[in-house]
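Enquirer: Could you work out the structure for the sequence below:
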Amino acid sequence: MLTESDRGELADRLRVAERDRRPVKPLIYQFPGLDAADAYEIQLWNIKRRLAGGVRVAGHKVGLSSEAMQRMMGVDEPDYGHLLSDMWLSEDEPVPVTRYCYPRVEVEVGFLLGADLPGEGCTEADVLAATEAFLPAIELIDSRILDWRISLPDTIADNASSAGFVLGAQRIAPSEVDVTAIDAVLYKGSEEVVAGRSDAVLGNPATAVAWLAGKVERFGVRLSAGQIVLPGSCTRAIDAHQGDHFRADFRAHDAEVGSVSVSFE
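Expert: Next up is the predicted model:
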């Protein structure tokens, strides 16, 4: 465990890296004792700063929600980050790539909560009962760590590498679709670049949301009505460059789930 002073120093380092678009060396290089508990405290340090500046919590994201990513990082559970109101991007306005260090896009089935979730002991059934709608989403991820050379504590401290999110207009009720069987295809321009299915997320995206509800309760946080939860990507992340236009299409055998797009300038 690190001292409060050490945590503050690392939080400052990440804040400046994000502000100046100048990524820093992995935090564990200087502080090899940095662990996940320290990293969540560092993340919260910077989130509280941003909340004090007038933004609000729009929701949360789950990362490392595929078995392959967990094996790569040597962990047995996901991680999470905050989605803030100033991270909410529009389909209608191109995103300046210069705002980020190493932007990438991921395709996700978002959850719009219509009721608060319980904390510890939250189940998939609780999640589906509290979910007002599923919605098409693209998460914009970024790393303030040099060249994406991240360890688990690095990415947790860096708000789980979250940077922005875009939501499509369509909403579909949980009763109308099997959330484990939604196919997603990402296009760059007219070219298909990657495809996946929602059950790539822990076998069931609702499992990731239930895990998140229990995890954040340990930090005095609850997942609340009106918030967005991004449970993890259906596909691998794709690098974003100036001039790129991405569109993600979602469908299940029994329903159209909609589409969402984002452009970079």
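
Enquirer: Show residues contacting the helix or strand harbouring Thr207.
Expert: Counting by DSSP states H and E, the element that carries Thr207 is helix 205-217. Helix 205-217 is contacted from outside by 60, 62, 65, 77-78, 80, 109, 111, 117-124, 126-128, 131, 179-180, 198-199, 201-202, 222-223, 229, 231-232, using C-beta atoms under 8 Å, 6 or more residues apart in numbering. For glycine as for every other residue, the C-beta is placed from the backbone atoms N, C-alpha and C.

Enquirer: Work out the gap between it and the centre of the chain.
Expert: Counting by C-alpha atoms, centre = their mean, to the nearest Å, helix 205-217 is centred 13 Å from the centre of its parent chain.

Enquirer: pLDDT averaged over that helix - what is it?
Expert: Helix 205-217 comes out with an average pLDDT of 95.

Enquirer: ok, the next helix or strand after that helix: who's next to it in the sheet?
Expert: Once helix 205-217 ends, the next helix or strand along the chain (criterion: DSSP H and E) is strand 228-230. Using DSSP bridges, strand 228-230 pairs in its sheet with strand 57-63 (parallel), strand 104-113 (antiparallel).

Enquirer: what angle separates the longest one from helix 205-217?
Expert: Here strand 104-113 runs at an angle of 80 degrees relative to helix 205-217 (axes from the mean of the first three to the mean of the last three C-alpha atoms, to 10 degrees).

Enquirer: Counting neighbours, which bits of the following helix or strand past strand 104-113 end up buried?
Expert: Per DSSP H and E, the first helix or strand lying C-terminal to strand 104-113 is helix 124-130. Buried residues in helix 124-130, counted by 16 or more other C-beta atoms under 10 Å: Glu124, Asp126, Val127, Leu128, Ala130.

Enquirer: one step back: which of the strands paired with strand 228-230 is buried the deepest?
Expert: Of the strands paired with strand 228-230, the one with the most neighbours on average (mean count of other C-beta atoms under 10 Å) is strand 104-113, at a mean of 25.
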